[in-house]
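Colleague: Model the structure of this input:
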Amino acid sequence: MSLRVNKNALRLIDWAMEKRDELGVEVLRGPLGCTIVDAGVKATGGHVAGRWVTEVCLGGCGSVSSTLMHYEDLVLLSILVETDFPAIATLGSQLAGWNVRTKDYFAMGSGPARALSKKPKKIYELIQYEDHCDSAVIVLEADSFPTEEAVKTIAYECEISPKNLYVIVAPTSSIVGSIQVSGRTVETGIHKLLILGLDPKLVSYGCGYAPVPPVHPDNARAIGRTNDALIYGGAASYSACVDSDRQLGEIVSRSPSSSAPIYGKPFYEIFKEAGFDFYRIDPYLFAPAVVSVSNTKTGATFKAGKINIGLLKKAMGIVNT
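Modeller: Take a look at the predicted model:
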């Protein structure tokens with residue numbers, strides 16, 4: 001496979017540096033000479049910046065656009081993502097699979113740098129993908145910039161010089177943060193399909209959308225809203241070449257978020273009960289509300305799940321007047 005997610009992302013970084021004023025981002029020199037792009041910590045950011053960060057998370061292997069979508073009686077701003085390389089773009093890059101944790105810093109890491117550090121390694125073994133680059137691009141979901149120790153750790157794991165590290169930082173409680181989480185519908189869907197036994201290398205296309213919730217100033221509640229947008233309002237569709245329609249149908253039937261026993265409460269409540277630790281939450285919950293897969297080998301399409309309009313309204317903070 002000739003796709004190189006870090007090389008692709010570096011082109012997106014170059015574009016953003018030229019358009020920093022239009023994007024509402026700031027470019028800073030960080031610890032050990034790394035480059036930091038502030039997309040919401042102190043900088044304002046914006047919707048175009050949110051789409052740009054989502055494209056970076058996908059390693060430049062997908063397209064991202066804004067649209068208005070109908071959710072029963074609601075018309076909401078939504079993010080539409082599609083990719084012809086779903087395994088690499090989502091599992092190999094976009095997945096927030098790297099806990100960047102040092103004594104003085106913590107952030108959820110996603111984006112192309114994961115492909116150099118192989119976080120987690122088993123994902124890359126499964127999708128049979130590796131990247132080679134002397135520079136790395138990582139997206140950190142955090143409300144502060146990485147410390148020197150954090151930068152050193154990231155660069156070491158990627159086997160690059162810190163001066164060749166590019167770090168995009170945006171808290172969930174920002175416009176960019178809200179958009180880039182809503183842009184994970186395809187990713188959460190294919191990861192759930194993987195958990196249920198579908199080989200992601202068989203998936204040739206992925207497309208999905210989810211509403212973009214209004215920004216909440218409290219970071220934990222912002223995390224709640226963005227995950228609710230995916231879990232109760234997200235929809236994803238895939239194309240895959242599978243030998244058995246029966247097997248595919250069984251997998252798809254269990255793929256929506258509603259398959260999780262804890263489904264049905266605002267994510268903030270679930271998050272709080274888990275001690276604000278994502279890894280104590282049932283992984284079956286992290287999936288779109290609606291999932292469909294078309295089998296390119298047989299022509300059959302399987303669909304499961306539905307939008308939960310009641311919880312979606314609650315998550316979006318919508319009050320009827």
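Colleague: residues near residue 15, how many?
Modeller: Counted with other C-beta atoms under 10 Å, residues neighbouring residue 15 total 13. Glycine gets a C-beta too; all of them are placed from N, C-alpha and C.
Colleague: what helix or strand does it sit in?
Modeller: helix 5-18 (DSSP states H and E).
Colleague: Just the buried residues of that helix, please?
Modeller: By 16 or more other C-beta atoms under 10 Å, the buried positions in helix 5-18 come out as 5, 6, 7, 8, 9, 10, 12, 13, 16.
Colleague: ok, now stretch 22-34?
Modeller: 23, 24, 25, 26, 28, 30, 31, 34.
Colleague: Straight-line length of stretch 267-287, end to end?
Modeller: Terminal residues of stretch 267-287 are spaced 12 Å apart (C-alpha to C-alpha, to the nearest Å).
Colleague: pLDDT averaged over it, what's the number?
Modeller: Regarding stretch 267-287, the rounded mean pLDDT is 92.
Colleague: quick one on the thing from earlier: check which helices and strands the helix holding residue 15 sits against.
Modeller: When contacts are defined as 3 or more C-beta pairs under 8 Å, 6 or more residues apart in numbering; DSSP states H and E, helix 5-18 sits against strand 35-38, helix 47-57, helix 113-117, strand 136-141, strand 165-170.
Colleague: Output those in a markdown table; the columns should cover distance to residue 192 and mean neighbour count.
Modeller: Listed next are the helices and strands packed on helix 5-18 as a markdown table, based on distance: least, C-beta to C-beta, whole Å; neighbours: other C-beta atoms under 10 Å:
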| stretch | distance to residue 192 | mean neighbour count |
| --- | --- | --- |
| strand 35-38 | 30 | 22 |
| helix 47-57 | 18 | 25 |
| helix 113-117 | 19 | 28 |
| strand 136-141 | 20 | 29 |
| strand 165-170 | 25 | 28 |
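Colleague: would you turn those into TSV with distance to residue 77 and mean pLDDT?
Modeller: TSV is the format used below for the helices and strands packed on helix 5-18 (distance: least, C-beta to C-beta, whole Å; pLDDT from 0 to 100):
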stretch	distance to residue 77	mean pLDDT
strand 35-38	23	98
helix 47-57	8	98
helix 113-117	28	98
strand 136-141	20	98
strand 165-170	18	98
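Colleague: what's the closest of the ones you listed to residue 81?
Modeller: helix 47-57 (6.8 Å; C-beta to C-beta).
Colleague: That closest one: how far from the chain's middle?
Modeller: 11 Å (C-alpha atoms, centre = their mean, to the nearest Å).
Colleague: who does that helix touch, helix- and strand-wise?
Modeller: Counting by 3+ C-beta pairs under 8 Å, 6+ apart, helix 47-57 packs on helix 5-18, helix 20-23, strand 63-71, strand 74-83, strand 136-141, strand 165-170, helix 175-182.
Colleague: got any ranges where the stretch 1-150 of the chain has weak pLDDT?
Modeller: Within the stretch 1-150 of the chain, the stretches with pLDDT under 70 are 1.
Colleague: now do 80
Modeller: 1-2 (pLDDT under 80).
Colleague: before we move on, what about the stretch 201-321 of the chain?
Modeller: Checking the stretch 201-321 of the chain against pLDDT under 80 turns up 315-321.
Colleague: where do the strands sit along this structure?
Modeller: Taking DSSP state E as the test, the strands found in the chain are 26-29, 35-38, 63-71, 74-83, 98-102, 105-110, 136-141, 165-170, 203-211, 235-240, 290-295, 301-305.
Colleague: Among those, which comes closest to residue 312?
Modeller: Here strand 63-71 is closest among those (C-beta to C-beta), at 6.2 Å.
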